[in-house]
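Trainee: When you get a sec, could you give me coordinates for this:
(one chain, ligands or ions: 1)
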Amino acid sequence: MAPVTQVSFILILILLSLPPVSPGTLKRRVLGKAAKLESQGNDCSQIWTDNPKSPSGVYVIRPEGTPDAFRAYCDMGEDGGWTVFQRRTGGNGKPLAFDRVWWEYDYGFGDVEGEHWLGLSKLYFLTHQPGTRAQLKLDLHNFENESRHALYDSFQISDKSSFYTLKLGRYSGNAGDSFGGENWRGAASQVGSAFSTLDRDHDSCNPCISGDIAFNECSQQKGGAGWWFSDCGVANLHGDWHPEGDHKIWSSDIHWGTWSPTESLKATEMKVKTVVIAATEA
Ligand SMILES: *[C@@H]1O[C@H](CO)[C@@H](O)[C@H](O)[C@H]1NC(C)=O
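Mentor: A predicted model of the protein is given here:
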């Protein structure tokens, strides 16, 4: 036998001599996957309040009213515990696709440790916990390695039957209020808009006009994104992720118009914090 053939022959012998997966192992694996997750708190804010030394990372949470506990990434910092519900980073050259249909945006997709969308059905419960007010924070990063943020002091999405309409309070931050369409060529506010996806159109286009193009669906026009489009509007963090060098002058890209109107963003995070409502506020 030639030396190469001998090596392959030996490799095959080694593989054959390895112990097979026993039925016991298989059973444990299946059970492990099906086992109910043990909740560590209602959300990341509660886990942080109980122990402000809790490190950032993946936790199992169960907001009040949620049928099942689920995994979420908690961003723990000086300003409390934030439940991350969206993260985009380009995935080291393999970006997670955000052109998805309704049920995927409803249920969630991706990996909570990396790029993901947690899911509208979970976000609904996160923003509807009795005795708390939810806040929204967006962390945005561009290819010049600059970072900016937008903060909304109250945040809620309506239920599924009204298509998860976006409700926001007061804006603060340094990225501008793109959700509100602030100071942007008369752009429509996305606040009060229902969520649209490739297969569910709630974007008020009838049709929408952009330059000399008329179209009926923002989602199709904007990279297949699921988003709170309103006559499209100037925010879309769910467009196509573009690598550096190919990140300029796309209308279907990832943009926050009040900061980055013509250059696609490099990374984004959307997160929610709940604060206990003071007695006077209730
Ligand atoms: C941004 O940061 C990355 C990683 O540290 C670096 O490779 C790149 O050159 C930086 N870009 C600019 C424009 O500073």
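Trainee: which residues in the stretch 1-150 of the chain form strands?
Mentor: Assigned by DSSP state E, counting those that start in this stretch, the strands in the stretch 1-150 of the chain fall at 57-61, 70-77, 80-88, 109-110, 116-117, 132-141, 147-152.
Trainee: Setting the sequence-adjacent residues aside, check what's closest to the residue most central in space within the chain.
Mentor: Centrality entry for the chain: nearest residue to the mean C-alpha point is Gln86, 1.9 Å, by Cα atoms, centre = their mean. Spatial nearest neighbour of Gln86, excluding adjacent residues (Cβ to Cβ, 6 or more residues apart in numbering): Met270 at 3.8 Å. C-beta: built from backbone N, CA, C; applies to glycine.
Trainee: ditto for Arg148
Mentor: Counting by Cβ to Cβ, 6+ apart, the nearest residue to Arg148 once its immediate chain neighbours are dropped is Ala175, at 3.8 Å.
Trainee: can you pull the contacts of the one you found?
Mentor: Taking Cβ atoms under 8 Å, 6 or more residues apart in numbering, we find Ala175 in contact with Leu138, Leu140, Arg148, His149, Ala150, Trp256, Thr258, Trp259.
Trainee: That one and His149: what is the separation?
Mentor: To His149, Ala175 is 6 Å away according to Cβ to Cβ, to the nearest Å.
Trainee: Check Leu136 too.
Mentor: Distance of Leu136 to His149, given as Cβ to Cβ: 11 Å.
Trainee: now do Ala235
Mentor: 14 Å.
Trainee: higher neighbour count, the two?
Mentor: Counted by other Cβ atoms under 10 Å, Ala235 and His149 do not tie: Ala235 has more neighbours, with 28 against 15.
Trainee: who's that one bridged to?
Mentor: Beta-bridge pairing of Ala235 under DSSP bridges involves Trp256.
Trainee: Residues that sit against both of Ala235 and His149, list them.
Mentor: Residues touching both Ala235 and His149 (Cβ under 8 Å, 6+ apart): there are none.
Trainee: Was I right to think the residue nearest to the centre of the chain contacts Val272?
Mentor: No. Applying Cβ atoms under 8 Å, one finds Gln86 not in contact with Val272, separated by 10.0 Å.
Trainee: still on that earlier bit, need the residues touching each of Ala175 and His149.
Mentor: The contact lists of Ala175 and His149 share Leu138, Leu140, where a contact means Cβ under 8 Å, 6+ apart.
Trainee: if I pick Ser56, what's in contact with it?
Mentor: Residues near Ser56 by Cβ under 8 Å, 6+ apart: Tyr73, Cys74, Asp75, Met76, Gly77.
Trainee: In contact with the fourth one, which residues?
Mentor: The neighbourhood of Met76, defined by Cβ under 8 Å, 6+ apart, consists of Cys44, Ile47, Trp48, Pro52, Ser54, Pro55, Ser56, Trp82.
Trainee: Just the buried ones from these?
Mentor: Cys44, Ile47, Trp48, Ser54, Trp82 (16 or more other Cβ atoms under 10 Å).
Trainee: Quick check: bridge partners of the residue nearest to Gly173 when sequence neighbours are not counted?
Mentor: In this structure, Gly173 finds its nearest non-sequential neighbour in Ala150, 4.2 Å apart by Cβ to Cβ, 6+ apart. Counting by DSSP bridges, Ala150 is bridged to Leu138, Gly173.
Trainee: quick one: contacts for Ala150?
Mentor: Contacts here follow Cβ under 8 Å, 6+ apart; on that basis Ala150 touches Lys137, Leu138, Leu140, Tyr171, Ser172, Gly173, Ala175, Gly176, Asp177, Ser178, Phe179, Trp256.
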